[in-house]
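[1] no letters, just coordinates:
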């Protein structure tokens with residue numbers, strides 16, 4: 001009789017506890033759910049009250065409460081109760097609604113106020129099976145069913161023996177996955193790249209790096225998917241999950257950068273075949289910008305995994321950034337000028353350009369300035385911000401190089417000799433392959449102070465300044481030879497003094 005009385009008393013006490021739970025705020029609802037699923041206070045009958053009443057069966061509600069905690073633990077989402085609002089009328093400012101998201105890393109799990117009580121939302125419950133499958137894939141639900149309260153295994157350094165054994169197996173699986181995937185990738189990539197694309201074998205080092213990064217990513221991703229099944233304590237699992245997530249972020253960034261490097265190797269022969277030499281200069285700049293962008297994205301994702309408020313950081317940076325921007329106007333201006341030059345192609349490497357105050361051959365387009373080799377063989381560095389706004393006379397883009405000058409002969413030269421000189425000079429000039437013969441002009445133009453001037457206008461079909469000088473050298477020698485054959489004397493400034501007797 002006494003035992004029956006104690007059992008009835010315990011049943012009544014449990015029933016009173018179940019009916020007396022406070023769900024008036026997000027804090028009370030989460031406390032009711034999580035506290036009553038701890039090993040030392042395991043009472044799923046009370047925990048299930050935080051589940052919406054749309055699930056009528058208490059047993060199903062208990063299962064939902066247990067699975068929901070396992071999802072939180074498996075994702076490493078440790079709930080710091082001091083941060084949970086205790087207001088009964090709490091409103092999420094971002095959604096302007098009476099909801100509370102437990103962790104921004106998993107927005108699908110949130111509470112909502114229904115009547116006077118806070119419970120997990122119906123949307124959370126509807127997605128429960130999907131989230132549970134994400135945390136415990138590949139049949140690992142078998143291990144997740146072992147709740148801490150029902151495990152009778154011995155402890156060793158704060159963990160169950162079976163958990164240590166599972167950790168050992170998990171580490172072995174990670175190593176096996178790494179070497180297996182690395183072997184497969186090293187077999188597939190050389191065949192796909194070398195044989196199909198006919199790339200030089202120096203690129204094998206890039207392929208090895210890609211294989212290692214991808215293999216490590218797959219190995220740690222596999223570990224991250226199986227680790228929740230070992231049912232580590234929530235705080236320990238939080239550090240494990242977040243550490244692996246950050247590691248996966250940087251491994252993914254390394255993989256993307258290495259694939260990008262391989263893509264550059266693939267496209268480099270095609271870029272080298274283009275007529276534009278600035279493409280060769282654009283390649284390393286684009287590579288650096290891409291790597292910086294990937295690094296910034298990876299770093300931002302890692303900070304988010306550490307629950308760092310990026311909005312607050314960006315807001316703080318924007319204030320300090322204003323002063324920095326004012327101080328670095330020229331740097332930003334030069335960088336934009338670099339992009340403008342590379343996109344517009346106003347000149348090529350090796351072109352001879354004339355700009356205000358300087359002229360010379362373009363040797364390099366850098367991130368800040370363009371380097372020009374002047375005729376005096378000195379180097380002029382012109383900031384790209386200024387260069388992009390200057391008038392650039394690009395002599396390197398000329399279809400032909402025009403050469404015009406006057407050839408003076410003595411006044412004693414007879415008209416028929418002058419006429420023949422012009423005809424023969426034009427013929428000799430046009431015999432050269434690097435002269436645009438249809439544009440050549442050789443004609444008597446004026447009577448100068450000390451010579452009869454023959455105007456010579458030639459268009460040279462040459463690509464460089466050195467070739468231009470060589471062609472002029474050859475033409476002058478040919479004309480001197482012609483003048484000697486015709487016994488024509490070149491004039492030079494003279495004065496004749498006539499004295500009357």
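    The structure has been received and is ready for your questions. Being a predicted model, the structure only gives us computed values, none of them experimental.
[2] bridged to residue 404, which residues?
    Judged by DSSP bridges, the bridge partners of residue 404 are residue 457.
[3] residue 455 is in contact with that one, correct?
    Yes: taking contacts as CB atoms under 8 Å, residue 404 lies within contact range of residue 455: 7.4 Å. The way it works is simple: take the backbone N, C-alpha and C, and place the C-beta from them, glycine included.
[4] looking at those two now, which is surrounded by more residues?
    Higher neighbour count among residue 404 and residue 455: residue 455, with 15 against 10, using other CB atoms under 10 Å.
[5] over to that one: give its phi and psi.
    Dihedral pair for residue 455: phi -80, psi 130, per degrees, to the nearest 10.
[6] how about the nearest residue to residue 107, chain neighbours excluded?
    residue 101 (5.4 Å; CB to CB, 6 or more residues apart in numbering).
[7] give me the beta-bridge partners of that neighbour?
    Taking DSSP bridges as the rule, residue 101 bridges to residue 110.
[8] pull the number of nearby residues for it.
    Other residues near residue 101 come to 17 when the count uses other CB under 10 Å.
[9] again with residue 186
    Neighbourhood size, residue 186 [other CB under 10 Å]: 16.
[10] same check, this time on residue 382
    Residues contacting residue 382 under the criterion other CB under 10 Å number 20.
[11] can you give me the buried ones in the longest helix along the chain?
    Determined from DSSP state H, the single longest helix within the chain is helix 234-273. For helix 234-273, burial by neighbour count (16 or more other CB atoms under 10 Å) applies to 234, 237-238, 240-242, 244-258, 261-262, 264-265.
[12] isn't residue 413 right up against residue 452?
    Yes: Residue 413 lies in contact with residue 452 (CB under 8 Å); the separation is 6.4 Å.
[13] domain map for the chain?
    Split into domains by automatic domain parsing, the chain comes to 16-135, 159-308, 331-396, 400-485.
[14] now the first one, how far from the centre of its chain.
    Read that as domain 16-135. Centre-to-centre, domain 16-135 and its host chain are 39 Å apart (CA atoms, centre = their mean, to the nearest Å).
[15] which residues touch residue 171?
    residue 223 (CB atoms under 8 Å, 6 or more residues apart in numbering).
[16] ok, residue 357 to residue 344 distance?
    As for residue 357, its distance to residue 344 is 21 Å (criterion: CB to CB, to the nearest Å).
[17] now residue 488: closest residue in space, sequence neighbours ignored.
    Nearest to residue 488 is residue 409, by CB to CB, 6+ apart, at 5.5 Å.
[18] show me the shaky parts of this protein.
    1-21, 137-166, 189-204, 229-232, 234, 268-283, 309-332, 495-498, 501 (pLDDT under 70).
[19] for it, which segments count as strands?
    Applying DSSP state E to the chain gives strands spanning 99-101, 110-114, 117-120, 155-156, 159-160, 352-355, 358-365, 369-373, 379-383, 393-394, 401-409, 441-447, 452-460.
[20] so which of the ones you listed is the most packed in?
    Mean neighbour count (mean count of other CB atoms under 10 Å) peaks for strand 117-120 among the strands of the chain, with a mean of 23.
[21] list the contacts of it.
    Identification of contacts with strand 117-120 by CB under 8 Å, 6+ apart yields 23-26, 28-29, 33, 49-53, 68, 100, 109-112.
[22] could you flag which of those are buried?
    Buried by 16+ other CB under 10 Å: 23-26, 28-29, 33, 49-52, 68, 100, 109-112, out of these.
[23] I'd like to know which of those are part of helices.
    Within these, residues falling in helices by DSSP H are 26, 28, 29, 33, 68.
[24] okay, these in JSON lines with distance to residue 489 next?
    JSON lines is the format used below for these (distance: CB to CB, whole Å):
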{"residue": "26", "distance to residue 489": "108"}
{"residue": "28", "distance to residue 489": "115"}
{"residue": "29", "distance to residue 489": "112"}
{"residue": "33", "distance to residue 489": "113"}
{"residue": "68", "distance to residue 489": "109"}
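[25] out of those residues, what pair is the most spread apart?
    Largest separation among those by CB to CB: 28 and 68, giving 16.4 Å.
[26] before we move on, back to that, helices or strands up against the longest helix of the chain?
    Using 3 or more CB pairs under 8 Å, 6 or more residues apart in numbering; DSSP states H and E as the contact test, the elements touching helix 234-273 are helix 58-74, helix 204-226, helix 278-305.
[27] so which of those gets nearest residue 491?
    Closest to residue 491 of these is helix 278-305 (CB to CB; 47.4 Å).
[28] against which helices or strands is that closest one packed?
    With 3+ CB pairs under 8 Å, 6+ apart as the test, helix 278-305 has helix 234-273, helix 310-327, helix 329-344, strand 358-365 packed against it.
[29] just checking: what are the partner strands of the last one?
    Looking back up the chat, that one is strand 358-365. Under the criterion DSSP bridges, strand 358-365 sits next to strand 352-355 (antiparallel), strand 369-373 (antiparallel) in its sheet.
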